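Chemist: Just a sequence and a predicted model for now, questions to come.
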Amino acid sequence: MRFLLLLAIIISSPLAVASMNVISANDLFDKNGITYNRKTNEPFSGRAVGKFYNGQPRSEAVYDNGIKDGEETIWYMNGKVRKKAAYKDGVRHGEWTTWDRDQRVLFHQNYQKGDRVY
């Protein structure tokens with residue numbers, strides 16, 4: 001039974017990501033701590049993707065009803081990861097790591113509901 005449950009979760013996860021609303025980060029704006037879709041003026045839910053002028057990924061973040069909720073990744077123009085951060089209901093929750101251009105860790109911290117975990 002556990003195997004079937006695990007299999008159902010694994011199969012449905014890619015489907016959930018594939019069906020997620022994806023939008024350019026340029027099509028969003030912030031107002032009073034809520035992120036809105038410029039085209040609809042509604043709080044945004046889905047994945048926002050930003051790109052550098054050369055087409056390389058610049059940022060990716062997940063929002064739920066205008067609030068960051070999930071992993072955010074920011075890249076350097078050379079394609080290397082600059083920052084990975086986790087949010088839950090708009091607050092820091094999970095691992096946060098920042099790297100320099102040579103991929104040396106500059107900052108690493110865990111958060112629980114916005115508070116640092118030591």
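Modeler: Arrived safely. Residues are numbered from 1 along each chain as shown.
Chemist: So which residues of this protein form helices?
Modeler: Assigned by DSSP state H, the helices in the chain fall at 2-18.
Chemist: for the spatially closest residue to residue 92 that is not a sequence neighbour, what are its contacts?
Modeler: Nearest residue to residue 92, sequence neighbours excluded (CB to CB, 6 or more residues apart in numbering): residue 111, at 3.8 Å. In this view, the C-beta of every residue, glycine as well, is placed from N, C-alpha and C. Residue 111 makes contact with 86, 91, 92, 93, 94, 95, 96, 117 under the criterion CB atoms under 8 Å, 6 or more residues apart in numbering.
Chemist: how close does the spatially closest residue to the first one that is not a sequence neighbour sit to residue 51?
Modeler: Spelled out, that is residue 86. If you skip the residues right next to it in sequence, residue 86 has residue 94 as its closest partner in space, 2.9 Å away by CB to CB, 6+ apart. Using CB to CB, to the nearest Å, we find residue 94 at a distance of 25 Å from residue 51.
Chemist: about what we covered before: turn the contacts of residue 111 into JSON lines, columns for pLDDT.
Modeler: Below are those laid out as JSON lines (pLDDT from 0 to 100):
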{"residue": "86", "pLDDT": "98"}
{"residue": "91", "pLDDT": "97"}
{"residue": "92", "pLDDT": "97"}
{"residue": "93", "pLDDT": "97"}
{"residue": "94", "pLDDT": "97"}
{"residue": "95", "pLDDT": "97"}
{"residue": "96", "pLDDT": "97"}
{"residue": "117", "pLDDT": "95"}
